[in-house]
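Undergrad: Based on what follows, work out the 3D shape:
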Amino acid sequence: MTTAALNEIQSHPSGSVRAGLQDPPLVRAALVALALGFAALFLLLPLAAVFAEAFSGGLSVYWNAIRDPIAAKAIELTLIVAAVSVPANAIFGVAAAWAIARFEFRGKSLLVTLIDLPFAVSPVISGLIFVLLFGAQGVFGLWLVAHGVKIIFAVPGIVLATTFITFPFMARELIPLMQEQGSEEEEAAISLGASGWQMFRRVTLPNIRLGLLYGVVLLNARAMGEFGAVSVVSGHIRGLTNTVPLHVEILYNEYQSAAAFAVASLLALLALVTLVAKRALEWRIRQETRA
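TA: Model prediction:
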């Protein structure tokens, strides 16, 4: 940049410089309209269609579809799977993030790569991997059959598949947060005589609590909505191994569209609650960052 250009910039007030860098009002309005139109077409319209179809048969049809014993079993199984996989991945995510952000060790890059593995593998492929490992003709199949252990086409297989799919979410949420925070406060706590557990409970955990909650929200939403991997390992046994997404598929394939959309609306409500919780946590994180 020439000296004349620098002098020109320095001679302008900062507000004028910022104003010169802004897009014209017409361009900004067009971009906003384009973004809102895209969101309405691909997000709001499908969401509205789900609820419109869910109540197309009336409130009684909607209520009966949700109260159906098979639907209730699917909801119960979905909650059980989430109740197991979410805490398991939360504990692992915190431990992995702490190790990666705080220590240097051999195999650190390999651990980071393994954490990202579920992002690179199709959910259907991951479900097939579990079938090849734990199915009746799989690597461990004969041993499992001999000992009366059933994983594939049973609840344990669904939990394993869901846990694998949701594996990276907590760690990937906490690693950059803990790296940005640094370890000065933890080192100070150790120097003052705190034990490892006291340091974690009184220093580390309060610093990452919002990121931890954010990760739990994402984990729960992903666990309840998983379809591909669960579809492979579940066997689609009604009332036993069907989660909510699988139950919706069966209802739709049987041309019970009102009932299918009624049950699907539960997942849509979960998505809305997740979005609100996500935005609330983001706002809280921004407020604490400014403070």
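Undergrad: Which parts of this structure belong to which domain?
TA: Domains of the chain are assigned by automatic domain parsing as 14-54, 57-290.
Undergrad: and the first one, how far from the chain's centre?
TA: Its chain's average C-alpha position is 25 Å from that of domain 14-54, according to CA atoms, centre = their mean, to the nearest Å.
Undergrad: so can I have TSV of the domains of the chain showing mean pLDDT and mean neighbour count?
TA: Quick note: C-beta positions are derived from backbone N, CA and C, even for glycine. As requested, the domains of the chain are exported to TSV (pLDDT from 0 to 100; neighbours: other CB atoms under 10 Å):
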stretch	mean pLDDT	mean neighbour count
domain 14-54	77	11
domain 57-290	88	17
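Undergrad: which SS class is the closest residue to residue 216 other than its chain neighbours?
TA: Closest residue to residue 216 apart from its sequence neighbours, by CB to CB, 6 or more residues apart in numbering: residue 90 at 5.9 Å. Using DSSP: H, G, I helix; E, B strand; the rest coil, the structure places residue 90 in helix.
Undergrad: residues touching residue 90, list them.
TA: Residue 90 makes contacts with 170, 212, 215-216, 219, as judged by CB atoms under 8 Å, 6 or more residues apart in numbering.
Undergrad: try it again with 7 Å
TA: 170, 215-216, 219 (CB atoms under 7 Å, 6 or more residues apart in numbering).
Undergrad: One more: residue 151?
TA: 134, 144, 157, 160.
Undergrad: Now the two most distant members of the residues you listed.
TA: Within these, 144 and 160 form the most distant pair, 12.6 Å apart (CB to CB).
Undergrad: Tabulate the contacts of residue 90 (TSV), appending secondary structure and distance to residue 262.
TA: Formatted as TSV, these follow (DSSP: H, G, I helix; E, B strand; the rest coil; distance: CB to CB, whole Å):
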residue	secondary structure	distance to residue 262
170	helix	32
215	helix	30
216	helix	27
219	helix	26
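Undergrad: Pull the distance from stretch 87-101 to the chain's centre.
TA: Mean-position distance between stretch 87-101 and its chain equals 15 Å (CA atoms, centre = their mean).
Undergrad: which residues sit against stretch 258-278?
TA: Counting by CB under 7 Å, 6+ apart, 47, 50-51, 53-54, 56-57, 61-62, 65-66, 71, 214, 217, 221, 224-225, 244-245, 247-248, 251-252 sit against stretch 258-278.
Undergrad: Thanks again, I'm all set now.
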